[in-house]
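Participant: this one's sequence-less:
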Ligand SMILES: [Cu+2]
């Protein structure tokens, strides 16, 4: 499955790398794609805990967007 979130606060490619590295550390995550311009975060995993994604993004120093509980983008 793939889930898409919105990350706030990223300003450069280094931010993208930080978020990517942290989210990659979540158990079972197969692929992480971050788009700096839109703040779009795509995560691919067999199953995915939104709270774990939120924690990873916060660990990197950023936040998921307020839209929706966890910044999850509507499909
Ligand atoms: Cu940065």
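Facilitator: Yep, it's here. Keep in mind that what you see is a predicted model, and the values were worked out from it rather than measured.

Participant: Show me what the strand or helix carrying residue 32 is packed up against.
Facilitator: Assigning secondary structure by DSSP states H and E places residue 32 in strand 31-35. Using 3 or more Cβ pairs under 8 Å, 6 or more residues apart in numbering; DSSP states H and E, the elements in contact with strand 31-35 are helix 13-24, strand 40-44. For glycine as for every other residue, the C-beta is placed from the backbone atoms N, C-alpha and C.

Participant: Can you say which of these is packed in most?
Facilitator: Among the helices and strands packed on strand 31-35, the stretch with the highest mean neighbour count (mean count of other Cβ atoms under 10 Å) is strand 40-44, at a mean of 19.

Participant: What's the first helix or strand after it?
Facilitator: Toward the C-terminus, strand 40-44 is succeeded by helix 50-60 as the next helix or strand (DSSP H and E).
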